[in-house]
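Enquirer: fold the following, please.
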Amino acid sequence: GRRGDLLVSLCYNPTANTITVNIIKARHLKAMDIGGTSDPYVKVWLMHKDKRVEKKKTPVIKRCLNPVFNESFPFDVPAHVLRETTIIITVMDKDRLSRNDVIGKIYLSWKSGPAEVKHWKDMLARPRTNVAQWHALKA
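Expert: Prediction:
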């Protein structure tokens, strides 16, 4: 059950206490609609411990399995809460008639899966630099 991949870049700015999440593009998204396509958009949640702090989302790209978003979302993240911070990225399929479907998710933090942890550590190791990485979407 491949759900597709998402290219995300992260940029941590310690002086401004911000993490900027760039949703660049997706590839090979799973088709969720009858016509064999999807109408994808991306939701980005900033979590602190287990609380939702802030949500941002991209526009919907109609009938596309390889959408290019190029949307960037800055979030305020003071240094002392970095260890309790998780960024949840959800690729959704917009439906006019029924509930929107989840195509897949990525959890970015210092304690998620190996690829996600690597991306988080790379972001912290290279402040003020956009660090891009492909992530496989998970159910």
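Enquirer: list the contacts for the residue nearest the centre of the chain?
Expert: Among the residues of the chain, the one closest to the centroid is residue 89, at 3.1 Å (C-alpha atoms, centre = their mean). Counting by C-beta atoms under 8 Å, 6 or more residues apart in numbering, residue 89 touches 6, 8, 21, 23, 42-45, 105-108, 135. No exception for glycine: its C-beta is placed from N, CA and C like everyone else's.
Enquirer: please apply the same query to residue 21.
Expert: Residues in contact with residue 21 (C-beta under 8 Å, 6+ apart) are 8, 9, 10, 44, 56, 72, 73, 74, 75, 87, 89.
Enquirer: repeat that with 10 Å
Expert: Contact analysis of residue 21 by C-beta atoms under 10 Å, 6 or more residues apart in numbering lists 8-11, 42, 44, 46, 56, 71-75, 87, 89, 108, 123.
Enquirer: could you flag which of the residues you listed are buried?
Expert: Buried residues within those, defined by neighbour count using 16 or more other C-beta atoms under 10 Å: 8-11, 42, 44, 46, 56, 71, 73, 75, 87, 89, 108, 123.
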